[in-house]
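# this one's sequence-less:
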């Protein structure tokens, strides 16, 4: 292996070797880079505090749509073509919860496609004197998760309009059911299920199918809440959060539907042990209140969940959203693994394109490829040229922004090619930075006779092979456009 000198000896060089071995093993399986290609790499959390607890993340037509608790009257949504892009995606207000005296504290929004409409179920704390915490529902005007939405009322889930939160939809045997958390007469916060006559109405009050009776469900307080359906191979699982969210022992448990009446507790079997819980070695505490989503190519299942960075943070605004891919056990049950640390670099879901093609960018003069130098994933990471290889550090995703301009995001770091410090003078440096859509990250690509120039929208300067370098590690810069080979790149 002749790459160890690349970035010096030690852990960074070893990381490169490991990554190259992994890449070569993939090549042995498939020579087509376009098949099941992972998206841009990222690290958790994918959405930082404060609007980042109780996440629902769905993938629709190659786009991710994200909603979570805001603790306000506003329901906010993020949208991104990549998981890596969620962190910097803008928050758009899609609804303000004021109907039926819903006010001030919204949490646990759940986004669900039913037929050709989207439905958003959310829990809300009413104004003082206006009853219990309950679940409300919105309906989209068309088949668009971003709305616009119309308010459709409160679900009548419990007698006397009683307390009922954290609801979601289960599609089973051609029918719709709504599962949620409520208090039983015995005082235990439990999982209930009710039949739905439409996406906005339940036909009867719910029945209990799970109570927090096991020791690991009763840490801090006995709790079952935040349930979410997961279906595969004809089997239906209902995963849920257990124990008190204010403890580091908030975790996930699981039920399985074994046939019969879904409203009967006897039709559900509870697994004896939790399926996802704290990972002290990785610094992840209280992982829970989750959702599942599929990769854009439909081949992978991922979990989105919230967690804390310390055991003492509790269930307030410190919780952040993390995602990771799950697998399946030989017996057909889901294997969620363990929560990964916030320093773990994860490849994006399979089939992500970042809104455009994945390319290599090779300089005509040096014959070297544009590269995330030293495999860095933090804003400010260097961009240099390196011997062309098959690693994600040389993958770049082109996303059109109009008028011939593109953002250029690195497949390993998830960061965008950026005009550092808004420079406008010849020789201004280039870096990678959190994608933000600003002019310093927009590049006009003009192709002539098979080579392409990249012109920064803010500076008007061309991406340039600095000092005509030809050695691996040669830097890049911005320079007055001149049409020479140092500014011509083969993109593809």
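Cool, got the structure. Owing to the predicted nature of the structure, the values given are computational and were not obtained by experimental measurement.
# what's the domain layout of the chain?
The chain is divided into the following domains under automatic domain parsing: 40-350, 354-491.
# Please render those domains as CSV that adds mean neighbour count to the earlier fields.
Backbone N, C-alpha and C define where each C-beta goes, glycine included. Shown next, in CSV, are those (neighbours: other C-beta atoms under 10 Å):
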stretch, mean neighbour count
domain 40-350, 19
domain 354-491, 19
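# In CSV: the ones you listed, plus mean pLDDT.
Listed next are the domains of the chain as CSV, based on pLDDT from 0 to 100:
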stretch, mean pLDDT
domain 40-350, 95
domain 354-491, 93
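# Endpoint to endpoint, stretch 425-445 covers what distance?
Using C-alpha to C-alpha, to the nearest Å, the end-to-end distance of stretch 425-445 comes to 20 Å.
# now the residue nearest in space to the middle of the chain: how far from residue 182?
With distances taken as C-alpha atoms, centre = their mean, the residue of the chain nearest its centroid is residue 83 (4.5 Å). According to C-beta to C-beta, to the nearest Å, residue 83 stands 33 Å off from residue 182.
# Equivalent analysis for residue 43, please.
The gap separating residue 43 from residue 182 is 37 Å, by C-beta to C-beta.
# Now the residue nearest to residue 227 when sequence neighbours are not counted: which helix or strand?
Nearest residue to residue 227, sequence neighbours excluded (C-beta to C-beta, 6 or more residues apart in numbering): residue 240, at 4.0 Å. Using DSSP states H and E, residue 240 falls within strand 235-242.
# Please state the offset of that strand from the chain centre?
In terms of C-alpha atoms, centre = their mean, to the nearest Å, the centre of strand 235-242 is found 20 Å from the chain centre.
# ok, and what's touching that strand?
Residues from elsewhere that reach strand 235-242 (C-beta atoms under 8 Å, 6 or more residues apart in numbering): 170, 172, 179, 191, 209-210, 212, 214, 216-217, 223-231, 250-257, 268, 274-275, 288-290, 292, 332-334.
# Restricted to helices, list those residues.
Using DSSP state H, no member of the contacts of strand 235-242 falls within helices.
# just checking, which of these belong to strands?
170, 172, 179, 191, 209-210, 224-231, 251-257, 268, 288-290, 292, 334 (DSSP state E).
# partner residues bridging residue 198?
Beta-bridge pairing of residue 198 under DSSP bridges involves residue 201.
# Look up how far residue 173 lies from it.
Counting by C-beta to C-beta - residue 198 and residue 173 are separated by 17 Å.
# those strands in the stretch 251-400 of the chain, which residues are they?
Under the criterion DSSP state E, counting those that start in this stretch, strands of the stretch 251-400 of the chain are mapped to 251-257, 268-270, 285-294, 301-308, 320-325, 327-328, 334-335, 346-350, 358-359, 361-363, 369-372, 383-386, 396-402.
# what about the longest strand in the protein?
Criterion DSSP E: the longest strand present in the chain is strand 102-114.
# what does that one contact?
Contacts of strand 102-114 (C-beta under 8 Å, 6+ apart): 53-54, 56, 58, 60, 65, 67-75, 97, 118-127, 136, 143, 145, 165-169, 171, 176, 199, 226, 289, 291.
# Now with 6 Å, please.
54, 56, 58, 67, 69-71, 73, 75, 97, 119-127, 136, 166, 168-169, 199 (C-beta atoms under 6 Å, 6 or more residues apart in numbering).
# Report the angle between it and strand 285-294.
Angle, strand 102-114 to strand 285-294, by axes from the mean of the first three to the mean of the last three C-alpha atoms, to 10 degrees: 40 degrees.
# Give the pairing partners of strand 102-114; include direction for each.
strand 117-126 (antiparallel).
# Tell me which helix or strand comes right after the strand it pairs with.
Following strand 117-126 toward the C-terminus (DSSP H and E): strand 134-140.
# Could you spell out the sheet neighbours of that following strand, each with its direction?
strand 117-126 (antiparallel), strand 149-154 (antiparallel).
# which stretch among those comes nearest residue 346?
Nearest to residue 346 among the strands paired with strand 134-140 is strand 117-126 (27.5 Å), distances taken as C-beta to C-beta.
# so how far is the closest one from its chain's centroid?
On C-alpha atoms, centre = their mean, the centre of strand 117-126 falls 20 Å from that of its chain.
# ditto for stretch 285-292
In terms of C-alpha atoms, centre = their mean, the centre of stretch 285-292 is found 13 Å from the chain centre.
# From the rest of the structure, what touches that stretch?
Outside stretch 285-292, the residues touching it (C-beta under 6 Å, 6+ apart) are 54, 56-57, 226, 228, 230, 241, 248, 250, 252, 276, 278, 301, 303-308, 311, 339.
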